[in-house]
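# build me a model:
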Amino acid sequence: MKNLSRGKKILIGFGVIFVILLFIISFGASIFISNLLQNKIESKINENPEIPYNVVVGDINVGIFSGSLKLRNITITPKQSITDSLSSGTIKSLFKGNIKIIQIADASYVRFFKERKLIIRKVTVRGADLTALKNKNAKKTENKKPGSTGVRESPFSDRFNGLKIREFELEDINYTELDFNKQKDTLFYFRSLSVNIEDILFNEQTYTNQIPITFDGISVNVEHLSEKSMKFYELSTTGIDLNMADTIIVVNNFRFLPKYSRKEYNRRLKYENDLFSIKTKSVTFNGLDLDELLSFKSGIELNSIVVQSPDIVIYRDKNLPDPPYKYHPLLAGLIKKIPVPFIADSVLIKDGNLVYAEKQKHTETPGKVSFTKMNITIGNVTNNPDRLAKNHFMPIDIEAKLYGKGDMTVRMDIDLTSNNESYNAKGRLGPMKASAFNKMTKELILAEITSGDIKGVQFNFSADDNVSNGEIIVNYQNLKVNLIKGKDTTKKAKFMSFVAGGALNKNNMPGDKKYRTGIVNFERVKGKGFPNYLWKSVMSGLVSIIAPIGENKNQRKKSKAIKKEDKNQKKENKKKNRKNKNKKKG
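Here you go, the predicted model:
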């Protein structure tokens, strides 16, 4: 400073004073603008009768040169008018809540004044607790205002022609949906929602889309989500991760659980129905194109859906009356009913467990069929006409352990374009002790298997919406059954008593004089679903082997035809043998 001339010192002094004054002015202007903006926001919203909410902002901070804006402690409450509308049922819902921070960073005001396009580097919403009140008894009303055409009015003009946000971030967002009439009843909630969206664009071109914005990347994480508005079930997860760059959605610890015990569930039902309990480690959706999904045009297309370690329990109580008849489509029919075009190259179920439990009128505890270490691969799951034109079969491969003992494999090929829902099924079961089936037979048919070795089972049949036909091979030795005394006096119980009394084939091995192959023939009960049809088809073949007296008319006809064919074949073989002997003698 000593070497500087007097003039330069004066200029530096004025420069310092100017910077200080500019800082003071900008600081004062920021405070003035912040207070003015706070008052304007609150008055514009709270005094406008068309806006049904009151808004109070605890603090606003404006950075003139940095192009920043920060709002703290925003409180949103419904006005009395909208609360009255919800109470009377003229609207369905309203919300209230608190937001800790809404922050805009690096808004380009200069460019906005030049081009009427606002560019913002980052928008952050942090720490929100939102509550929605829902009146489930509200009347259905149209949302259109009187005189409205239903077409959105464009917000674009000479003053504003677009918005770009380079990064939009939601952090720590909590949401709860309550029943307005019973505000202790939570219908739905999620906790700690985080969303990050990159390069949001809003302009005249994007405005015409179903979703009026575009973006380049999105990631979503929810730590806990629960849906409780269903009548009998609660749906929940401990986390959802969405990564648009990797096109992956992961749902962690998915749960679909009953709200009531089995006893209470039955008390609330008029007719018998399945009660489900589903738990999974994760469900992953791979290759989901969000751009296509959000366009609402091309439907849903996935590379794969992977369900990891599901535990599924299905329970049915037969003490209740049968439900009124209602047609249940098979697998192809269910896929046709998906309301949007759908393609999943594969659906994989890995390391799962499945238990089906059924309680009969004559027993206190349910009979069970269980599958462990279950792996299922389903290919070409689609209702898309173009995909079906190339390949209209959906293959299903199943591997599992029946009762944790017998190795089981099943292959099904479902024709997705068949008018009568045709499919083929074949399968194998490895060696196991017959007594493993007591978990089912003791409770469902009051029969205990005291001994028996199953050497192997094979089945192969075709089926459609009306009937299944095919064959089954069951090789076993030393099968013995005792009847359990119970209250059941039905025809089925009398039949089982007859079987246990001696009509049972105790051995069925190749080479045995009375060796039988079973005939699969079952007329579908169309009020029941695919699993019932598959199981009853296999059971029809088992009965025709183990207790032929239980065959239906079609099976008896086929059995006679097979026996006749066997006799004719034996005669033909004898003739050929005689001819061969005569030739040798000659």
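
# how much space is there between residue 82 and residue 54?
Separation of residue 82 from residue 54 (CB to CB, to the nearest Å): 10 Å. Quick note: C-beta positions are derived from backbone N, CA and C, even for glycine.

# swap that for residue 354, sorry
Between residue 354 and residue 54 the computed distance is 53 Å (CB to CB).

# same deal with residue 164?
Per CB to CB, residue 164 is found 31 Å from residue 54.

# same question for residue 122.
28 Å.

# is it true that residue 95 touches residue 77?
No - if you go by CB atoms under 8 Å, residue 95 and residue 77 don't touch, sitting 9.7 Å apart.

# can you list the buried residues in the host helix or strand of residue 412?
Element membership for residue 412 (DSSP states H and E) is strand 406-415. Neighbour-count burial for strand 406-415 flags 406, 408, 410, 412, 414, 415 (criterion: 16 or more other CB atoms under 10 Å).

# can you tell me, leaving aside adjacent residues, what's nearest to the first one?
With sequence-adjacent residues excluded and distances taken as CB to CB, 6 or more residues apart in numbering, residue 406 is closest to residue 432, at 3.6 Å.

# who does the one you found bridge with?
Under the criterion DSSP bridges, residue 432 forms beta bridges with residue 454.

# and the pLDDT at it?
Note on residue 432: pLDDT of 96.

# and residue 438, what does it touch?
Shown in contact with residue 438 (CB atoms under 8 Å, 6 or more residues apart in numbering): 448, 449.

# am I right that it is in a helix?
Yes - counting by DSSP: H, G, I helix; E, B strand; the rest coil, residue 438 is found in a helix.

# list the buried ones in stretch 88-103?
Buried positions in stretch 88-103, judged by neighbour count with 16+ other CB under 10 Å: 91, 92, 94, 95, 96, 97, 98, 99, 100, 101, 102, 103.

# before we move on, what about stretch 380-394?
Buried positions in stretch 380-394, judged by neighbour count with 16+ other CB under 10 Å: 380, 381, 382, 383, 384, 387, 388, 393, 394.

# which outside residues touch stretch 79-89?
Stretch 79-89 has contacts (CB under 8 Å, 6+ apart) with 49, 52-54, 78, 91-94, 133, 135, 137-139, 180.

# where along the stretch 351-500 of the chain do the helices fall?
Along the stretch 351-500 of the chain, counting by DSSP state H, counting those that start in this stretch, helices occupy 385-390, 438-444, 491-498.

# only alpha carbons, please: show the first one as CSV.
I take that to be helix 385-390. Taking only C-alpha atoms (Å, rounded to 0.1, in the frame of the first residue of the first chain), the coordinates of helix 385-390 have been written out as CSV:
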residue,chain,number,x,y,z
PRO,A,385,-50.7,-59.6,-30.1
ASP,A,386,-47.4,-59.0,-31.9
ARG,A,387,-45.5,-61.2,-29.4
LEU,A,388,-48.2,-63.9,-29.5
ALA,A,389,-48.0,-64.0,-33.3
LYS,A,390,-44.4,-65.1,-32.9
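
# just the pLDDT for residue 481.
pLDDT recorded at residue 481 is 86.

# show me the shaky parts of the stretch 151-300 of the chain.
Applying pLDDT under 70 to the stretch 151-300 of the chain picks out residues 151-152, 244-245, 290-298.

# which residues of it fall in helices?
Here the stretch 151-300 of the chain has its helices, by DSSP H, counting those that start in this stretch, at 262-268, 290-295.

# who touches the following helix or strand past the last one?
This points to helix 290-295. Using DSSP H and E, the helix or strand that follows helix 290-295 in sequence is strand 300-308. With contact meaning CB under 8 Å, 6+ apart, strand 300-308 is reached by 280-289, 292-293, 340-352.

# cool, and stretch 446-457?
Defining contact as CB under 8 Å, 6+ apart, one finds that stretch 446-457 is touched by 362-363, 406, 427-435, 437-438, 441-442, 472-486, 488, 493, 496, 499-500, 509.

# tell me what the closest residue in space to residue 425 that isn't next to it in sequence is bridged to.
Spatial nearest neighbour of residue 425, excluding adjacent residues (CB to CB, 6+ apart): residue 412 at 4.7 Å. For residue 412, the beta-bridge partners are residue 396, residue 425 (DSSP bridges).

# OK, contacts around residue 412?
So residue 412 contacts 395, 396, 398, 423, 424, 425, 426 (CB under 8 Å, 6+ apart).

# pLDDT score assigned to the closest residue in space to the fourth one that isn't next to it in sequence?
Beyond its immediate neighbours in the sequence, the residue positioned closest to residue 423 (CB to CB, 6+ apart) is residue 414, lying 4.6 Å away. According to the predicted model, the pLDDT of residue 414 comes to 97.

# surely residue 414 is in contact with residue 332?
Yes - in this structure, residue 414 is within contact of residue 332 by CB under 8 Å, at 5.4 Å.

# what residues are shared contacts of the two?
394, 423.

# partner residues bridging the closest residue to residue 213 other than its chain neighbours?
Counting by CB to CB, 6+ apart, residue 213 lies nearest to residue 202, which is 5.0 Å off, once chain neighbours are set aside. Residue 202 forms beta bridges with residue 163, as assigned by DSSP bridges.

# show the contacting residues for residue 202.
By CB under 8 Å, 6+ apart, the contact set of residue 202 is 162, 163, 164, 212, 213.

# point out where the chain drops to low pLDDT.
Across the chain, the ranges flagged by pLDDT under 70 are 1-46, 64-66, 140-152, 244-245, 290-298, 485-503, 547-586.

# ranges for the strands of the stretch 51-200 of the chain?
With DSSP state E, counting those that start in this stretch, the ranges of strands along the stretch 51-200 of the chain come out as 53-63, 68-78, 93-107, 117-134, 162-179, 186-202.

# need the ones you listed in CSV (columns: distance to residue 530).
Formatted as CSV, the strands of the stretch 51-200 of the chain follow (distance: least, CB to CB, whole Å):
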stretch, distance to residue 530
strand 53-63, 50
strand 68-78, 48
strand 93-107, 38
strand 117-134, 36
strand 162-179, 35
strand 186-202, 31
